[in-house]
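# kindly return the folded structure for what I paste below:
(chains A and B)
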There are 2 protein chains.
Amino acid sequence: MEKVCVLGAGSTPYGKLGESLVEMIVGASAGAIEDAGIEPREIGAAYISNVFGIADKQVHLGPVIMSRLGIPERPSLSIESACGSGSVSFREAYANVAAGFYDAVLVTGAEKVTHTGTAWTTTYFAYCSDFFYEGSAGASFPGLFASMARAYMSEYGATEEDFARVAVKNHDNGMLNPKAHLRKKITVDDVLSSAVVASPLKLYDCCPFSDGASSAIVCSERFAKEHGGKYVEVIGSGRGGSPAALQDRKHMTTIDSTRIASEAAYRMAGISPSDVDFAEVHDCFTIAEVVNGEDLGFFEKGKGVEAAREGKTARGGEIPLNPSGGLKSKGHPIGATGVGQVAEAYEQLTGAAGERAVKGAEVGLTHNFGATGASCAVHIFRGA
Amino acid sequence: MEKVCVLGAGSTPYGKLGESLVEMIVGASAGAIEDAGIEPREIGAAYISNVFGIADKQVHLGPVIMSRLGIPERPSLSIESACGSGSVSFREAYANVAAGFYDAVLVTGAEKVTHTGTAWTTTYFAYCSDFFYEGSAGASFPGLFASMARAYMSEYGATEEDFARVAVKNHDNGMLNPKAHLRKKITVDDVLSSAVVASPLKLYDCCPFSDGASSAIVCSERFAKEHGGKYVEVIGSGRGGSPAALQDRKHMTTIDSTRIASEAAYRMAGISPSDVDFAEVHDCFTIAEVVNGEDLGFFEKGKGVEAAREGKTARGGEIPLNPSGGLKSKGHPIGATGVGQVAEAYEQLTGAAGERAVKGAEVGLTHNFGATGASCAVHIFRGA
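Numbers count the residues shown, from 1 in each chain, chains lettered A, B, ... in the order given. From the prediction side, this is the model:
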């Protein structure tokens, strides 16, 4: 197996964007290519992650992107795993480079949905649930995560204020991220007084619908060294699954896929959760960051809210979660999110994170899942 | 690298089906698992290929399928590369098993679109073109392939009768395939007198819109041997691309991606086209089989129609093309097609093809592409 690295990254801003899906992907990809200091012809293949290309009338994105980049002869494909598409695509790219099939590949994730309006976007997203049991019964994601939040409150005595603190912290981080969708300082009171979406979750407990694209150049260590640019090494990669429908889970307050994927990634990296200096965690709703922080092994079960309350997950804390602002503030263009996390890890570990840098960070983890955690991928990076 | 094998295959019938997309995938997958003589828990991951899950209100298919199969903890993902999705997904599965990431994986492709009606299906499919340059300008696939057909006629003196012979031959083969969508014997006159879709292509030059699912178990040779069932070895795997929009191609009568992918597959297998005993070729339109037959190296440029005219591509001919009936008669559930070709190769090479068996066949090739050949994958199999 080859050692695998990330040699460059690029991103559009996240938000309500005017560009087409293809323009966003080309923009982010060109940014990553330039950041890596390589030529498009050095790219062996492209892994594109996207869920609702049809919303912008373009699926089969790979060849369109390769054509725009001037390398139409190179293979490409699109990968979908709902909101976890980006990390799953990154995993496939990792696997292909590790196995020696390619020296360097382009991984770009993107989504464009805001132009369809909230109703259509909600409908599209519901198709990512186990639609037969969930979406078709009216259980869309706010409701499903609300059930998890209610169960967590009942099991561990957490309060709505506790969840609100996660939102406040991620908005604080997002304020320092020039590409974040929601750059707005908020207070616990703002969260508590925002409109109820699905009790106990209010509007500010939920990430926004975003457009955006993120990109990374994934390559062998040899390729990275030859090119001389800054790179980070992928030291851990893990995947896992959970029952698609929430009703089939053993617990409402544990996400098995997070546990399985992270255990595999830690094992491969030969490290434990306490060796991680920061993590980008899938916080589609505030409750998700709390539960995932526990399932990633950063805190004992039931202690995730305490950690948020005590500032342990803040940028200067014990284990900073979502220094980028996370899905909550940075935004959640679903096909892009997992790749955007990799871009954040790359920037943090190569000294390019500016004001939001986690001081002294050497090891970063990215965690991204689909739906209520039915599919998950975790990666661990070390600065080189 | 591990030697990679196919240990079992399964398929629904292809056609206008009543089952849901999920039911079709579970059916085909369960068939392949049973055919391989393995237990679901022996599957390390699932590679699902699908393009328009939203047409049946279910994307994020992987976890739904894994949950129905009783192995929700295992990773899964969906792969899309338009009409070439199945072969591209198979390629990723191949790469992961070859690299040793998994001992055995499930590869299932599926599509359900016929319930949306011809208009919506045509719209969806047009999103697989380079929509900015093609689909949005009214150039849907019949028109694009008609341009290729017209160029071929002009360049090589081919006639509409020549193309018709391809349809007649594939319907002859499909008559022997109990799972084929169009099991109907047709004549050259039937083709010529069918409605003009996009001149010079008539209705019977076009494959149908189909629903259906196909599945294969892909595993290491060690795993296959331990399980004792019949298996075939993957001896060649290649991928390639062409400019997404037809207008950017150097030639209208050569599909670069087919050439690039097949050359890579032959090189890996250490064989030449003359060593292939039969091929499943992407014949979405009759012209496609002609051009692909040439680009796969079976015939010189311009000689593809002569081969059809002389019966060289018939089941008993020199190089039988599409013994299954091909997309033309067997049908074209776009996410399933590439996996269905693998299922056909498996059945042909393990003595399970019944009446449509290619006698004495030892080496089979599958060729499947997306759109007008923008993305392509070719695989070569040898009976074990």
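
# where's residue A:358, which helix or strand?
Assigned by DSSP states H and E, residue A:358 belongs to no helix or strand.

# quick one: contacts for residue A:346?
Shown here is residue A:346, whose contacts under the criterion CB atoms under 8 Å, 6 or more residues apart in numbering or on different chains are A:6, A:8, A:9, A:216, A:232, A:352, A:381. Any C-beta I mention is one placed from the backbone N, CA and C, and that applies to glycine too.

# again with residue A:81
By CB under 8 Å, 6+ apart, the neighbours of residue A:81 are A:49, A:87, A:88, A:89, A:370, A:375, A:377, B:60, B:62, B:76, B:77, B:78.

# nearest the middle, which residue of chain A would you pick?
residue A:338 (3.3 Å; CA atoms, centre = their mean).

# check contacts around it.
Contacts of residue A:338 (CB under 8 Å, 6+ apart): A:49, A:84, A:85, A:86, A:87, A:88, A:89, A:90, A:109, A:366, A:368, A:377.

# ok, now with 10 Å
A:49, A:79, A:81, A:83-91, A:107, A:109, A:214, A:280, A:282, A:366-370, A:376-377, A:379 (CB atoms under 10 Å, 6 or more residues apart in numbering or on different chains).

# again with residue A:62
Contacts of residue A:62 by CB under 10 Å, 6+ apart are A:25, A:45-48, A:50, A:74-79, A:106, A:108, B:80-82, B:84, B:88, B:241, B:244, B:370, B:374-375.

# start and end of stretch A:295-306, how far apart?
15 Å (CA to CA, to the nearest Å).

# quick check: buried residues in that stretch?
A:295, A:296, A:297, A:298, A:299, A:303, A:304, A:305 (16 or more other CB atoms under 10 Å in any protein chain shown).

# and for stretch A:92-105?
Under 16+ other CB under 10 Å, the buried positions of stretch A:92-105 are A:92-99, A:101-105.

# can you give the domain ranges for chain A?
A:4-116+A:210-233, A:133-207+A:235-383 (automatic domain parsing).

# of those, which stretch is the most buried?
domain A:4-116+A:210-233 (a mean of 25; mean count of other CB atoms under 10 Å in any protein chain shown).

# residue contacts, the spatially most distant residue from the centre of chain A?
What lies farthest from the middle of chain A is residue A:73; by CA atoms, centre = their mean that is 29.8 Å. Going by CB under 10 Å, 6+ apart, residue A:73 touches A:41, A:63, A:66, A:67, B:240, B:241, B:242, B:243, B:256, B:257, B:259, B:260.

# near chain B at all, stretch A:107-120?
No: remark: stretch A:107-120 sits outside contact range of chain B, by CB under 10 Å from any CB of the partner chain, the gap being at least 10.8 Å.

# next one: that stretch to chain centre, how far?
Computed by CA atoms, centre = their mean, to the nearest Å, the chain-centroid distance of stretch A:107-120 equals 15 Å.

# that older thread, how about the domains of chain A in TSV, adding mean pLDDT and distance to residue B:346?
Below are the domains of chain A laid out as TSV (pLDDT from 0 to 100; distance: least, CB to CB, whole Å):
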stretch	mean pLDDT	distance to residue B:346
domain A:4-116+A:210-233	98	23
domain A:133-207+A:235-383	97	27
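
# JSON lines please, covering these and showing distance to residue B:224.
Below are those laid out as JSON lines (distance: least, CB to CB, whole Å):
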{"stretch": "domain A:4-116+A:210-233", "distance to residue B:224": "20"}
{"stretch": "domain A:133-207+A:235-383", "distance to residue B:224": "24"}
